[in-house]
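Peer 1: Requesting a structural model of the entry that follows:
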Amino acid sequence: MSHGKTREEKNCLNCGHTVEERFCPHCGQENTEPRQPFYFLFTHFIEDFTHYDGQFWKTIKYLLFYPGKLTKEYLSGKRQLYVAPVKLYIFISFLTFFIPTLFPQSENPDEENAEKHSVQKEKENKKIQAAQISDSIKNQIIRESGADSTIVKSISKLDKIEEVLSKKEIIDTDRDQFAILGATNMKQYDSMSVKGGKNYNTLRPFAKKIFHLQDRGLKRKEIVGRFVDTFIHTFPKALFVYLPIFAFFLWLFHSKKKWWYFDHGIFTLHYFSFILLSSLIFILFGHLVKMIPDYKIFQTIFRLFYVVLFFYTSAYFFIAHHRVYESSKRKSILKGSILFIINCIGLLFMLMILSYISFIMMH
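Peer 2: Got it, this is the predicted structure:
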């Protein structure tokens, strides 16, 4: 597939060697005009993944439906037929975290409206209860406004009415704020921590961040939304850092003479590329389910698809591990199970660290 108009000159702009055909025989650069239309930036990017006899689609087919084969092909030296592992991982990672942002953020407007209606109704009920309390106090004032009652006493009763009403308003506003160990601001938290235990010291960074955001006027939903956004933007970087760690686990459980750390890195890149791609498929089908009519037959089909995809994703690692490392089934299952558990624990630990970092970085 052409990337642009071929130059009439026969000298390579990259290395200076003579170019008889379209590509330089010395460095491999395409001998095209250096200036191209603006849309060339996008078409060139797409063509890099789809030209050369369907290089990209062949890579995706092997990645999805032939566990471990793509890694074996790459390690055996067949590398021009497929997309490079790092390039493949970065591209799939980009799609996985970019495509979901194209869908509407509000998943169910009816539920949001119902929630707002419920909150509004609860506020109205509280106002009615406050009015009833006010009426009861007024009646009490009337009964006491005889010879033994004074105006000052009546005014104190009226002050109690306003106090009750103000407390009801405070309850309403507290629905939109976080309370940590009973404290709603940092001053209360510090005073309570004097008599408290280790829990106050442990939760102090979280309390300081939350109360700081609430002092700026942010409500509970806004704080949660900012945390989720920070977490999503940080997750791809954290996952990329985790890749060499998982490759190290593979290196520990296999022969150091037969398998190099590089080999485990290739297996890890392909495996996590599949995990990201299957996650994207889950997300896309989730949005697709919301768009189709709510018929039982469709719901049954999609639920069955989810179950099959879940079990296939879980079994993918064991199949790929057995094919790549060519060990016996028993050893492969044993090592695969241990590595699978270690990977789950490692990912969970990474998510805990990422959640903490995302919370602290939130602003």
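Peer 1: Relative to the whole chain's centre, how far out is the helix or strand hosting V241?
Peer 2: Using DSSP states H and E, V241 maps to helix 220-252. For helix 220-252, the separation from the chain centroid amounts to 8 Å (computed by C-alpha atoms, centre = their mean, to the nearest Å).
Peer 1: List the buried residues of whichever helix or strand comes after it.
Peer 2: For helix 220-252, the following helix or strand on the C-terminal side (DSSP H and E) is helix 261-291. Of the residues in helix 261-291, 263-278, 280, 289 count as buried by neighbour count, 16 or more other C-beta atoms under 10 Å. Quick note: C-beta positions are derived from backbone N, CA and C, even for glycine.
Peer 1: Need the per-residue pLDDT for the nearest residue to S278 once chain neighbours are set aside.
Peer 2: In space, and not counting its chain neighbours, S278 is closest to T313: 4.9 Å by C-beta to C-beta, 6 or more residues apart in numbering. Per-residue pLDDT puts T313 at 90.
Peer 1: repeat for S106
Peer 2: Looking at S106, its pLDDT is 47.
Peer 1: Am I right that F91 is in a helix?
Peer 2: Yes. The assignment for F91 (DSSP: H, G, I helix; E, B strand; the rest coil) places it in a helix.
Peer 1: Look at it and say how many residues are nearby.
Peer 2: Applying other C-beta atoms under 10 Å, we find 18 residues neighbouring F91.
Peer 1: ok so, going back, please, which helix or strand holds the residue nearest to S278?
Peer 2: Assessed by DSSP H and E, T313 sits inside helix 296-325.
Peer 1: coming back round to it: counting by contacts, list what the helix holding V241 packs against.
Peer 2: Other elements packing on helix 220-252 under the criterion 3 or more C-beta pairs under 8 Å, 6 or more residues apart in numbering; DSSP states H and E are helix 85-98, helix 204-215, helix 261-291, helix 329-361.
Peer 1: Show me what the third one packs onto, helices and strands only.
Peer 2: Packed against helix 261-291 by the contact rule (3+ C-beta pairs under 8 Å, 6+ apart) you find helix 40-65, helix 69-75, helix 85-98, helix 220-252, helix 296-325.
Peer 1: what's the closest of those helices to I360?
Peer 2: Among the helices and strands packed on helix 261-291, helix 220-252 comes nearest to I360, with 9.4 Å by C-beta to C-beta.
Peer 1: Report the angle between that closest one and helix 296-325.
Peer 2: Going by axes from the mean of the first three to the mean of the last three C-alpha atoms, to 10 degrees, helix 220-252 is angled at 30 degrees with respect to helix 296-325.
Peer 1: what's the one residue sitting closest to the centre of the chain in contact with, if anything?
Peer 2: Geometric centre of the chain, nearest residue: I232, 4.0 Å, by C-alpha atoms, centre = their mean. Residues near I232 by C-beta atoms under 8 Å, 6 or more residues apart in numbering: F97.
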